[in-house]
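A.B. asks: For reference, the sequence and a predicted model appear below.
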Amino acid sequence: MPKPLLTARYRVVVRDEKGRVKRIEEAPSKSFILNLLYLWWLALNLNTSDSLSMVTYYGSPYAYPLSQPVGWWAFDNEESYSGEQVGSGTSSPSASSPYLESLILNGTGSGQLSYGSSIVTSPSLSSNPGTMTVTKTFTNNSGGTVTVGEIGLATHISLVSTASSTMNAALIIHDVLPSVANVPNGGTITVTYTLVVNT
């Protein structure tokens, strides 16, 4: 049976306040979502009446018409929510849903996690398959345990209009963990997505 041309894997590592590993979870990603196809549409300069669903710098849902001009996108950290995202939801993902069920906001308040910078490797094709990884660490400075049930990968979008340039994050992969990960106060959770292209 031929291998899928595009796949992804995730790795989740939870550490306590002393840096001790409490949990490691690795599995194939099961849920590329519709936003990925919308981004390919944009790359092909095709206009449509549909909208690309994203979150703003503040974590609020935002829809942007695909007929508007778009600058560029990347897995960088211009926006807190680009690269990996984490949430507390546990429902099965839907390919048509553009958001995590319950996004954990970036911050130090109750139930929040401090989002670190994304680390993105250059695509590698020294042998088949080709790979690229995106990694982000989230630190719990909330004062209590934060529960993570879902993870995702989002790309930073630069939306350009004649009046201004707006930057947001569009989710393209959404996975639910087999069981929730409890991140203790002072601890961290590191999420890595590896994108794989077979030829």
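C.D. replies: Received it, and whenever you're ready, just let me know what you need.

A.B. asks: got a pLDDT number for Y62?
C.D. replies: According to the prediction, Y62 has pLDDT 80.

A.B. asks: Dig out what it forms beta bridges with.
C.D. replies: Counting by DSSP bridges, Y62 forms beta bridges with M54.

A.B. asks: residue contacts, it?
C.D. replies: If you count contacts by C-beta atoms under 8 Å, 6 or more residues apart in numbering, Y62 has them with S53, M54, V55, T56, N168. (C-beta placed from N, C-alpha, C; glycine too.)

A.B. asks: In ChimeraX, select just the buried ones from the residues you listed.
C.D. replies: Those of the contacts of Y62 that count as buried under 16 or more other C-beta atoms under 10 Å are selected in ChimeraX with:
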select :53,54,55,168
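
A.B. asks: Do you have the strands of the protein handy? List them.
C.D. replies: 6-15, 21-28, 51-55, 61-65, 70-74, 83-87, 114-115, 119-120, 130-139, 146-160, 165-183, 188-197 (DSSP state E).

A.B. asks: Format those as TSV; extra columns: distance to L100.
C.D. replies: Converted to TSV, the strands of the chain look like this (distance: least, C-beta to C-beta, whole Å):
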stretch	distance to L100
strand 6-15	14
strand 21-28	17
strand 51-55	9
strand 61-65	11
strand 70-74	18
strand 83-87	4
strand 114-115	13
strand 119-120	20
strand 130-139	13
strand 146-160	5
strand 165-183	6
strand 188-197	12
